[in-house]
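Q: the following comprises the amino acid sequence and a computationally predicted model.
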Amino acid sequence: MPWIPPKARQIYTLPFIPGSTWREGLPAGPHSLRRFRRRPPGVFRLHKKMMFSPPRIKICCISSVEEARLAIAHGAAALGLVSHMPSGPGVIPDALIAEIAAAVPPPIATFLLTSLQSAEAIAAQHAACRTSALQLVDFVEPKELAHLRRLLPGVKLVQVIHITGPDALEEAQAIAEHVDALLLDSGNPALAVKELGGTGRVHDWAISRQIRAQVHKPVFLAGGLSESNVAQAIAAVEPFGLDLCSSVRHDGKLSVQKLSAFMRAVRGAA
């Protein structure tokens, strides 16, 4: 049986991204995936008398198997593993990404954060890392996304949209049909040294709300989320998921206290 902490057994009875299948490797039992009748987007039934739509939590910048286990035990539904970037925190070697990804049981999702823009190069990196999803932090041409689909048909594609102004809405609408989900962050790819995530800045949530309302794909919200503002963020954007890194760390390491406080704030908001 793969390692699944008690909290994960109770909570994660659904795929992290709609349309994903995580049945392989799951032992039979109360934490196995179940079949659900079609419901309105974002509304799921986990038990006969309990319906809710809490945002999924993705903890990024995971740097070890121990951090992965800590994040999962505190309620993370997905883990972000950062490969080479022009700037920003959390970068680890591809070999370590592969080690962590192999240790994470389904249905927990693993995201390879890649700054590559060529389908062939991304597919080659994925072959080394073997994550369940790809987080494309820089712009990837639609033709490259189509080629990537053919190369990796079973891997979910999540395109990052950096909210630098109102033009982000048009960019999100143009790319949404080619990917499985969007992640709205606060980087700036136009700088001489690109910022592709991990800035800790809050962007304009009104633009994120427009994207969430007008693009019919799951939307993850990132950028400066913390215990103190996550309730406002959820109310303002109503995202499918939340993505965070530095706000749950102390001296660069995941903090039990900060993780617990953030999860309490999410539960209170939801």
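A: Everything's here; your move.
Q: rest of the way, CA atoms for contacts and neighbours
A: OK.
Q: for I108, see how far away the residue nearest the centre of the chain is.
A: In the chain, the centroid-proximal residue (C-alpha atoms, centre = their mean) is K58; its distance is 4.7 Å. According to C-alpha to C-alpha, to the nearest Å, K58 and I108 sit 10 Å apart.
Q: please apply the same query to L259.
A: Taken as C-alpha to C-alpha, the span from L259 to I108 is 17 Å.
Q: pretty sure L116 belongs to a strand, no?
A: No - counting by DSSP: H, G, I helix; E, B strand; the rest coil, L116 falls outside a strand, being coil.
Q: so it sits against I122, correct?
A: Yes - if you go by C-alpha atoms under 8 Å, L116 and I122 touch, sitting 6.0 Å apart.
Q: where do the strands sit along the chain?
A: Using DSSP state E, the strands of the chain run over 44-47, 50-52, 56-59, 78-82, 109-114, 133-136, 156-162, 181-185, 219-221, 241-244, 249-250, 253-254.
Q: would you list the ones you listed in a markdown table and tack on mean pLDDT?
A: As requested, the strands of the chain are exported to a markdown table (pLDDT from 0 to 100):
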| stretch | mean pLDDT |
| --- | --- |
| strand 44-47 | 39 |
| strand 50-52 | 43 |
| strand 56-59 | 97 |
| strand 78-82 | 98 |
| strand 109-114 | 98 |
| strand 133-136 | 98 |
| strand 156-162 | 98 |
| strand 181-185 | 98 |
| strand 219-221 | 98 |
| strand 241-244 | 97 |
| strand 249-250 | 94 |
| strand 253-254 | 94 |
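Q: now for these, which one comes closest to S228?
A: Closest to S228 of the strands of the chain, according to C-alpha to C-alpha: strand 241-244, at 13.1 Å.
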